[in-house]
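Asker: Can you look at this prediction? I've put the sequence above it.
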Amino acid sequence: MARMPTAVGGTAVSGRTMWCNLDAPANAISVCRDGGQVAVAGRNIFKIYGVEEERLSERANLRVGRKPSLNLSCADVAWHQMEENLLATAATNGAVVTWNLARPSRNKQDQLFMEHKRTVNKVCFHPLELYILLSGSQDGSMKCFDLRKKESVCTFSGQSESVRDVHFSARDFFTFAATFENGNVQLWDMRRPDRCERMFTAHNGPVFSCDWHPDDRGCLVTGGRDKMVKVWELTGYKARETHCVQTIASVARVLWRPERRYHIATCSMMVDHNVYVWDVRRPYVPFAMFEEHRDVTTGIAWRHAHDPHYLLSGSKDGTLFQHSFRDARRPASQAVPEGLSVGLRGDVAFAVKESLCAAEGARKPFGHDRRYPFFFVRRADPAEHFANVSSALSVFESPPGAASMDWFAQTARRYCLSGVPLPELCDRNAGAARELQRHQVAQIWTMLKIIYAGAAGGTTQAAGKAGHPLSSFTMKDGTAALGGEAKLDRGRLENRQDSLPLDSTVTLLQTNEDNEETEGSDAPADYVFGDGEGDEEDFFIVDHEVAASEEHEFILPQEGFPLRHEILDHPTTLDHFPDKTDSPQISGNEADSVSLTPTEGISLVSVSQPPFEHGFTTDYFNPIVRDMMCFYARQGDVQMAISVLIVLGDRIRKEIDEQTQEHWYTSYIDLLQRFRLWNVANEVIKLSTCRTITCLNQASTTLHINCNNCQRPMNSRGWMCERCHQGASKCAVCHHAVKGLFVWCQGCTHGGHLQHIMDWFQLHAHCPTGCGHLCEYT
């Protein structure tokens with residue numbers, strides 16, 4: 001087979017970005033030792049391409065024969081790095097096939113192994129041993145073949161689901177790694193096929209690929225369906241994750257970059273068609289990316305083991321690309337060097353270009369009590385050529401207490417959400433808000449009481465007249481507002497009270513029609529104007545001096561307006577009222593003035609009945625209350641929204657959809673837990689009606705304990721251990737059984753009542769039992 005000369009031993013291979021059409025989708029690619037040829041395998045393709053200076057040319061087609069065979073339907077291909085004419089393929093029918101390019105015949109197939117029962121996902125040659133071939137199959141087994149024999153020499157059973165990848169270590173001769181469908185990674189020693197040397201869970205889901213670091217012994221990289229690329233340090237007793245890169249799609253292939261210790265090339269299994277090269281020290285921005293493919297990239301390989309500048313890739317779009325790093329896109333060079341962030345306590349941090357920051361010389365520095373601006377400048381590494389992005393970061397701190405959240409914690413502690421009637425709940429919460437200087441919140445609680453608490457007592461007329469808050473503006477309030485200028489004769493008031501009916505629908509204010517009938521009356525009268533009919537200062541016109549001088553025997557009429565019908569006399573006393581305690585006591589200074597109380601139901605501005613008795617039910621106000629709750633939630637005060645929701649209960653719950661309620665509950669509970677208000681959070685969970693919220697405190701409620709004497713599990717027989725017949729939860733200080741809150745030392749397992757332990761360790765450092773342990777109470 002014709003070959004072209006290539007550079008070996010670290011000399012850079014010349015070339016450029018180029019591509020060729022494969023005429024079929026590729027599943028895997030593999031490069032020969034000197035980087036001059038690449039094998040491309042797929043379901044309907046198995047060809048050898050030469051990597052020339054200006055193009056990729058087809059050298060051989062190994063898919064020969066009159067009848068198509070499943071042995072040629074390749075899932076993976078591997079080119080031996082010691083023998084340039086030896087290849088191996090993994091078939092979808094469970095066959096492992098070796099190919100010898102030096103055979104003079106047209107058919108290059110060398111050996112066929114049919115020992116796997118399902119699809120073979122991966123084949124791998126030993127990097128130092130010429131005749132050792134390893135395969136991993138969908139049947140969950142791995143087989144090691146000696147090419148000098150016609151069957152496998154040993155079988156490794158992972159006792160798990162399908163094997164996704166196998167890879168020999170470049171530094172440990174007998175070690176290889178295998179990845180599985182359940183997220184585990186197993187390390188095997190070829191000399192011990194009965195069990196693996198180590199197993200650990202690497203990903204949450206299938207692990208599709210792995211690769212050993214070419215230089216660092218015990219360093220393994222894995223990629224899985226959880227969109228993670230993880231680097232593991234395996235030299236210690238336990239596998240330790242050292243780096244993690246979050247990608248945007250499931251990772252199908254991972255490959256270390258030659259001559260670059262921290263660079264990894266990856267491609268995705270779906271959605272994302274690009275090939276990325278990551279620097280694991282900078283896991284959020286790819287070092288380089290290649291965007292040439294139009295479909296999912298299925299195989300990647302570096303052109304030479306010592307050349308980091310050329311990468312080969314095959315795709316389902318039927319193309320083979322050689323990528324040059326000179327043409328790669330560098331996302332870091334397009335990064336925006338400006339940013340702004342606001343901290344939890346109100347601190348503001350912003351980053352700008354260093355050049356802009358240097359030009360702004362008039363900006364004053366911070367004082368000694370604040371942090372000075374500092375700069376992040378990345379030193380350029382000539383070997384990496386990473387984009388040098390420098391920004392100036394400035395941080396402004398808020399004054400102490402400016403963004404304090406003490407009001408939130410204090411409100412959560414003081415609010416009363418259940419246990420008493422609704423009016424008392426509203427009063428208590430309004431008082432708590434008023435004490436914290438939150439007057440608007442206090443007013444809202446008062447309004448909620450007026451709207452919803454009156455519904456319980458507004459079903460009768462007496463309750464509407466005497467107890468409803470909306471009928472509380474009396475004549476006394478009106479005279480006070482007018483400066484005490486409006487005074488009526490007390491005798492007239494008594495006669496007026498005697499003649500008033502008890503029906504709450506009759507008020508002192510008459511309609512305009514009634515007022516018009518009084519025009520032209522010769523009798524001296526007081527005038528009461530309707531809304532907007534007179535000035536405030538002329539609201540009442542009473543001139544007793546003029547009346548006394550003109551007519552000494554003048555008799556004050558009982559009514560200020562002509563009567564339409566006869567008013568029956570009523571007793572002058574109030575004995576017929578069932579409750580006399582509501583009648584106010586009039587002082588001497590108030591004897592000449594009017595004091596009409598809500599008990600008699602006489603007022604200048606009177607609400608004769610609660611608003612919900614004539615078309616204004618509580619449902620009428622529900623949309624307004626709902627909008628108020630949504631407003632506070634949008635402003636970030638979800639505490640107000642949840643508190644009103646719990647207090648009003650079924651009155652307002654039907655107005656808000658379940659998803660919104662659940663969102664409010666989870667947000668408020670999260671805030672309470674951040675402030676360590678565990679009891680308040682638990683109370684909110686108990687009072688919630690959302691199923692997803694009420695179950696939060698129902699999980700992990702079982703506590704399994706052991707006896708501190710015999711160290712054996714306790715059963716449900718109370719406070720005595722059935723094995724050693726001793727009290728298992730005695731207080732180490734008072735020696736009595738602890739039936740409430742119990743605290744114990746995890747070192748010596750001794751403990752007792754919380755208050756007793758706190759008092760003890762204020763004066764002592766050792767365990768109160770005398771065991772000598774230095775217990776630490778935090």
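Answerer: Yep, it's here. Predicted, not measured: the structure shown is a model, and the values here were computed from it. Numbers count the residues shown, from 1 in each chain.
Asker: I'd like the mean pLDDT over the helix or strand harbouring Ser643, please.
Answerer: Using DSSP states H and E, Ser643 falls within helix 638-648. Mean pLDDT, computed over helix 638-648, is 94.
Asker: Which parts of the stretch 551-700 of the chain are strands?
Answerer: Counting by DSSP state E, counting those that start in this stretch, the stretch 551-700 of the chain forms no strands at all.
Asker: Do you have the helices of it handy? List them.
Answerer: Taking DSSP state H, counting those that start in this stretch as the criterion, the stretch 551-700 of the chain contains helices spanning 618-634, 638-648, 650-653, 658-674, 678-687, 691-694.
Asker: What of the stretch 251-400 of the chain?
Answerer: Using DSSP H, counting those that start in this stretch, the helices of the stretch 251-400 of the chain run over 354-359.
Asker: low pLDDT regions in it?
Answerer: Residue ranges of the stretch 251-400 of the chain with pLDDT under 70: 344-345, 356-389.
Asker: try the chain
Answerer: Under the criterion pLDDT under 70, the flagged ranges of the chain are 1-14, 344-345, 356-389, 401-403, 454-616, 700-701, 703, 708, 715-719, 728.
Asker: Pull the distance from stretch 338-345 to the chain's centre.
Answerer: Computed by Cα atoms, centre = their mean, to the nearest Å, the chain-centroid distance of stretch 338-345 equals 18 Å.
Asker: With stretch 192-203 instead?
Answerer: Chain-centre distance of stretch 192-203: 35 Å, with Cα atoms, centre = their mean.
Asker: what sits against Ala765?
Answerer: Ala765 makes contacts with Leu774, Cys775, as judged by Cβ atoms under 8 Å, 6 or more residues apart in numbering. (Glycine included, C-beta is placed from N, CA and C.)
Asker: Just say which of the helices of the stretch 551-700 of the chain is most tucked in.
Answerer: Highest mean neighbour count of those: helix 638-648, a mean of 23 (counted as mean count of other Cβ atoms under 10 Å).
Asker: Could you dump the helices of the stretch 551-700 of the chain into TSV and include distance to Phe113?
Answerer: Converted to TSV, the helices of the stretch 551-700 of the chain look like this (distance: least, Cβ to Cβ, whole Å):
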stretch	distance to Phe113
helix 618-634	66
helix 638-648	65
helix 650-653	69
helix 658-674	56
helix 678-687	61
helix 691-694	54
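Asker: so which of the ones you listed gets nearest Met289?
Answerer: For those, the distance to Met289 is smallest for helix 658-674, at 37.0 Å, taking Cβ to Cβ.
Asker: ok, back up a step: relative to Asn121, tell me which of the helices of the stretch 551-700 of the chain wins on proximity.
Answerer: Nearest to Asn121, of all those, is helix 691-694, at 40.5 Å by Cβ to Cβ.
Asker: Show me what that closest one is packed up against.
Answerer: With contacts taken as 3 or more Cβ pairs under 8 Å, 6 or more residues apart in numbering; DSSP states H and E, helix 691-694 sits against helix 658-674, helix 678-687.
Asker: Direction included, what does the helix or strand following it pair against?
Answerer: Beyond helix 691-694 in the direction of the C-terminus, DSSP H and E gives the next helix or strand as strand 742-744. Strand 742-744 pairs in its sheet with strand 751-753 (antiparallel), by DSSP bridges.
Asker: For the helix or strand following the strand it pairs with, buried residues please.
Answerer: Next in sequence after strand 751-753, counting helices and strands by DSSP H and E, comes helix 754-761. For helix 754-761, burial by neighbour count (16 or more other Cβ atoms under 10 Å) applies to His756, Ile757, Trp760, Phe761.
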